[in-house]
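Q: Take this sequence and fold it.
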Amino acid sequence: MQTKAAPEQYDFFAFLSRMKYISRWGLMRNTMPENIQEHSLDVAMLAHALTVIRNRYFKGELDPGRAALYGIFHDASEIFTGDMPTPVKHFNPDFKRSFHELEDRARNKLLAMLPVEMAEDYRSLFFFDQEYGEYTELVKAADKIAALIKCIEEEKSGNNEFRRAGAEHLEYLNNSALPEVHFFMDKFIPGYRLWLKPR
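A: Next comes the predicted model:
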């Protein structure tokens, strides 16, 4: 009697679903906890917006959909590494380089959880920062804007613990060479500082 072969099993999406269990801002007291799944959605929406702004106002020709996808997956490696606080990650050049190597290993580990044919489709989403420079700078800016927004929200809740981080992110963004970042900062960030009410 011939036994039925066990179906192939791939754990890629099961692991991605665990992004909601990885907390951000581990060294800070949060009034509202944030996980990397929530953060990735914020970054995706912001990267999409920055790309639209670039295309509409600054003669860009990038794909907003691709920018959003890169935002969705930009922190997927943290499923294995956790969210490393920036001061620790940048402690010294050797540690920073080693951590980036660890992130690459984590991404490859995730890709190995897919059928080979599908892995190729996801590789560029995980390693876009090594292949698509213009998107990389937009996603990084979106990441910083998302962090600034988190700091603003915490300060509005009376949590002064985020004041220094907010000032650092604001300085970084104010010094950005990207005109679309300054457009977003001028036109959209002020709304986050208001107490919103229906008109």
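Q: immediately after the worst-scoring helix or strand of the chain on mean pLDDT, which helix or strand?
A: Sorted by mean pLDDT, DSSP states H and E, the helices and strands of the chain end with helix 86-89, the least confident at a mean of 65. If you walk from helix 86-89 toward the C-terminus, the next helix or strand you reach (DSSP states H and E) is helix 93-111.
Q: and that following helix, which residues are buried?
A: Burial within helix 93-111, assessed by neighbour count using 16 or more other C-beta atoms under 10 Å, is assigned to 99, 103, 106-107, 110-111. No exception for glycine: its C-beta is placed from N, CA and C like everyone else's.
Q: Glu8 is in contact with Leu114, isn't it?
A: No. Between Glu8 and Leu114 there is no contact under C-beta atoms under 8 Å: 10.9 Å.
Q: Give me the more crowded residue out of those two.
A: Neighbour tally, Glu8 and Leu114, criterion other C-beta atoms under 10 Å: the higher count belongs to Leu114, 17 against 6.
Q: The more buried one in helix, strand or coil?
A: Secondary structure state of Leu114, per DSSP: H, G, I helix; E, B strand; the rest coil, is coil.
Q: That one and Asp121: what is the separation?
A: Counting by C-beta to C-beta, to the nearest Å, the gap between Leu114 and Asp121 amounts to 8 Å.
Q: do Leu110 as well
A: With C-beta to C-beta as the criterion, Leu110 and Asp121 are 13 Å apart.
Q: The helix or strand harbouring Asp186: what's the following helix or strand?
A: With the criterion set as DSSP H and E, the secondary-structure element containing Asp186 is helix 179-187. Remark: after helix 179-187, the chain's next helix or strand is helix 189-192, criterion DSSP H and E.
Q: That next one: how far from the chain's middle?
A: Distance of helix 189-192 from the chain centroid (C-alpha atoms, centre = their mean, to the nearest Å) equals 20 Å.
Q: Using PDB, write out every CA atom in it.
A: Included here for helix 189-192 are C-alpha records, laid out as PDB according to Å, rounded to 0.1, in the frame of the first residue of the first chain:
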ATOM      1  CA  ILE A 189       3.000  67.300  10.200                       C
ATOM      2  CA  PRO A 190       1.300  70.400  11.900                       C
ATOM      3  CA  GLY A 191      -2.000  68.400  11.900                       C
ATOM      4  CA  TYR A 192      -0.500  65.800  14.200                       C
END
